[in-house]
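[1] generate coordinates for the sequence data below:
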Amino acid sequence: AVVSTQSTGGSGDDKFSFLMIQNAHTTGVNAVSWAPSHPSGTTLDPSTKDYDVISKRFASGGGDNLVKVWKFSDEKNAWEMEAELKGHNNWVRDVAWAPDTGFTTSTIASCCQDGKVFIWQCKDLDKANWDIKRTMHTFDDVVWHLSWSVMGDILAVSGGDNKITLWKESHKGAWICISKQDTNKTN
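    Numbers count the residues shown, from 1 in each chain. Alright, predicted model coming up:
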């Protein structure tokens, strides 16, 4: 299950309502990652129509080998599954929604027990057409965690090999390891 909370009153009242997604993944939820508050491609200029658009979405990964995208429905006051991303062959260990970089594409990275890291992209969140852009890399061991840089252009990856690697997409679309940190060594 996934639980979310929201304030039900004015500032400082410390009252919250709880919303739960029962059976979000059939064999457990391993990871969640919030979407940027404004959808990709929107502007934060108060004079535009996009300024008040707030995206209430997150991604989850589970033991059912799936990545799911959830969207909050104001009309139903509930979280609804918007997309089910299939491609992993084992437990999804982590998901990381990339920060909004000003482009029109939303990006999620996911990693798996089998050592694969996928990059998923969606050009129009309202249509929820997510595609695997590519398998970023297949590691020799389980991949546990992913984290995007603040600018959303570098992905940190850590796993069962006790290493941290940093990856950046080249202008040709290939992912290149730009740094390695072996945590078994001391300097």
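
[2] going forward, measure contacts and count neighbours with C-alpha atoms only.
    Will do.

[3] residue 84 and residue 114, how far apart?
    Computed as CA to CA, to the nearest Å, the residue 84 to residue 114 distance reads 19 Å.

[4] meant to ask about residue 59
    Where residue 114 is concerned, residue 59 sits at a distance of 20 Å (CA to CA).

[5] higher neighbour count, the two?
    The neighbour comparison of residue 59 against residue 114 (other CA atoms under 10 Å) goes to residue 59, with 26 against 18.

[6] the more buried one - nearest residue in space that isn't next to it in sequence?
    Excluding the flanking residues, the one nearest residue 59 by CA to CA, 6 or more residues apart in numbering is residue 69, at 4.5 Å.

[7] show me the contacts for the one you found.
    Residues in contact with residue 69, defined by CA atoms under 8 Å, 6 or more residues apart in numbering, are 57-60, 81-85.

[8] so which of the residues you listed are in strands?
    Of the contacts of residue 69, the ones assigned to strands by DSSP state E are 57-60, 81-85.

[9] of those, just say which sits nearest to residue 96.
    residue 59 (7.7 Å; CA to CA).

[10] distance of that closest one from residue 179?
    27 Å.
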